[in-house]
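*Asks:* Sharing a sequence plus its predicted fold:
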Protein chains: 2
Amino acid sequence: MLNQLAPLDLAFQALADPTRRAMLEQLARGPASVSDLARPFAMSMPAVMQHLAVLESSGLVCSQKNGRVRTCRIEPQGLGRVEAWINARRREWEQRLDRLGEYLDELKTQGDSNA
Amino acid sequence: MLNQLAPLDLAFQALADPTRRAMLEQLARGPASVSDLARPFAMSMPAVMQHLAVLESSGLVCSQKNGRVRTCRIEPQGLGRVEAWINARRREWEQRLDRLGEYLDELKTQGDSNA
DNA sequence: GCTTTACTTAAGTTGTTGCTTTTGTATTCG
DNA sequence: CGAATACAAAAGCAACAACTTAAGTAAAGC
C-alpha cells in the first residue's frame, strides 16, 4: 500500500486521454493490430503508435509482432491495479460514513434521553 | 455511453498525479481544510490550491468555505463514474473471454471427435 | 526483385502542467 | 484597532504531452 505509486501514475495518465480510452474500449472487445486501432481516428500512424507506447508502458496493454503485424491486447492486471486503488478509497470512505452514522445515532439517542 | 468523455478525461487526469491521489486518500479518511491537505507536502500553498482546483473541477472533490477555512470532502459520484468506466471495460473483456472459452471448448470437442 | 503494406524512428512545434514567488483579501484573535 | 492566520489571484518558467512531417525498415504479394 505504501509504494507502487509510479505504476498508478502511468496507468491513470494513460487513461486520461480519450483516444487511449477508445483504444482500450476496442481492445476490450478483442485483440487488434496497430492499423485496426488507428482506423477510427483522424490521426497519423506515429501518433497512434505513441498512444500505444503509453498504454504499453503503463501496463494496460501488451503487444507482440508476428511478421509485419503487431497484435495488441488488454493486459488484465493493468486495469486491476487501477480498480484496486479506487475500491480501496471507496471502502475507506464508506467505512468512515458507517462510523459517522453510528456516531450520529449515538448522538441522537443521547439527545432523546436528554430531551 | 457515447458522450460524457470530458468528465472522464478530467477525472483520470486528476488521478494521474501522486500528490492529488494522496489528497484523495486523506479525504477518504475524512474532511479536511486546505492547510490540512497541504501539511504532508513540501510544497507551497498555491501549489496545493492548484491541485485542489484540479480535483474540484474533475468532480472528485467538493469544498465549502466557512469563515476563513475551506473544508474539502470527497464527492462520491466522481469516483463512481471512474469506477463505472473501468467495470464496463472489464465486463466486456471477461464476456469476450467467456465466448472465447466456449469456442475453444467447442474446438477441443471437435478435435476429440476427429482424433 | 520490386512494390505495397505495416509499422518504426527521429526531429520539430505547440500547448499544457506543476510548480514557483509575489502580492492581495477576508477572518479571527489579542 | 492591529497583527496573525488561512486562503486566493497573478504572473512566470521549465518540463512534458500530443501531435506533425519526413525518412526509414522489414515482411508479403505480384
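*Replies:* That came through fine. This structure is a prediction, so every number in the text was calculated from the model and none was measured.
*Asks:* so who does A:I86 touch?
*Replies:* Contacts for A:I86 (C-beta atoms under 8 Å, 6 or more residues apart in numbering or on different chains) come out as B:79, B:82-83, B:86. For glycine as for every other residue, the C-beta is placed from the backbone atoms N, C-alpha and C.
*Asks:* Distance check, the closest residue to DNA strand C within chain A against A:Q50.
*Replies:* With C-beta to the nearest atom of the strand as the measure, A:S35 is the residue of chain A nearest to DNA strand C, at 3.0 Å. Distance of A:S35 to A:Q50, computed by C-beta to C-beta, to the nearest Å: 15 Å.
*Asks:* So between these two, which is more surrounded?
*Replies:* A:Q50 (14 against 11; other C-beta atoms under 10 Å in any protein chain shown).
*Asks:* got the phi/psi numbers for the more buried one?
*Replies:* Backbone torsions for A:Q50, taken as degrees, to the nearest 10, come to phi -70, psi -40.
*Asks:* ok, now A:P40?
*Replies:* Dihedral pair for A:P40: phi -70, psi -10, per degrees, to the nearest 10.
*Asks:* Would you check that it makes contact with A:E25?
*Replies:* No. Counting by C-beta atoms under 8 Å, A:P40 does not reach A:E25; the two are 10.0 Å apart.
*Asks:* close enough to count as contact, A:E92 and B:A28?
*Replies:* Yes. Counting by C-beta under 8 Å, A:E92 touches B:A28, with 4.1 Å between them.
*Asks:* In chain A, where is pLDDT below threshold?
*Replies:* Low-confidence segments of chain A (pLDDT under 70): A:1-5, A:98-115.
*Asks:* quick check, nearest of the contacts of A:I86 to B:P7?
*Replies:* B:V82 (9.3 Å; C-beta to C-beta).
*Asks:* Can you classify the closest one as helix, strand or coil?
*Replies:* Secondary structure assignment for B:V82 (DSSP: H, G, I helix; E, B strand; the rest coil): helix.
*Asks:* how many neighbours does A:A14 have?
*Replies:* Residues within reach of A:A14, counting by other C-beta under 10 Å, total 26.
*Asks:* Which residue is the nearest non-sequential neighbour of it?
*Replies:* Closest residue to A:A14 apart from its sequence neighbours, by C-beta to C-beta, 6 or more residues apart in numbering or on different chains: A:S58 at 3.9 Å.
*Asks:* quick one: contacts for that neighbour?
*Replies:* Counted by C-beta under 8 Å, 6+ apart, A:S58 has contacts A:7, A:10-11, A:13-14, A:78.
*Asks:* cool, and A:Q50?
*Replies:* Applying C-beta under 8 Å, 6+ apart to A:Q50 gives no contacts.
*Asks:* Spell out which parts of chain A neighbour chain B.
*Replies:* For chain A, the residues in contact with chain B (C-beta under 8 Å from any C-beta of the partner chain) are A:5, A:8-9, A:12-13, A:15-18, A:21, A:24-25, A:28-30, A:74, A:76, A:79, A:82-83, A:85-87, A:89-90, A:92-93, A:96.
*Asks:* Helices along chain A, start to end?
*Replies:* A:5-15, A:18-28, A:34-38, A:45-57, A:76-114 (DSSP state H).
*Asks:* Which of the ones you listed sits closest to A:R68?
*Replies:* Nearest to A:R68, of these and by C-beta to C-beta, is helix A:34-38 at 10.2 Å.
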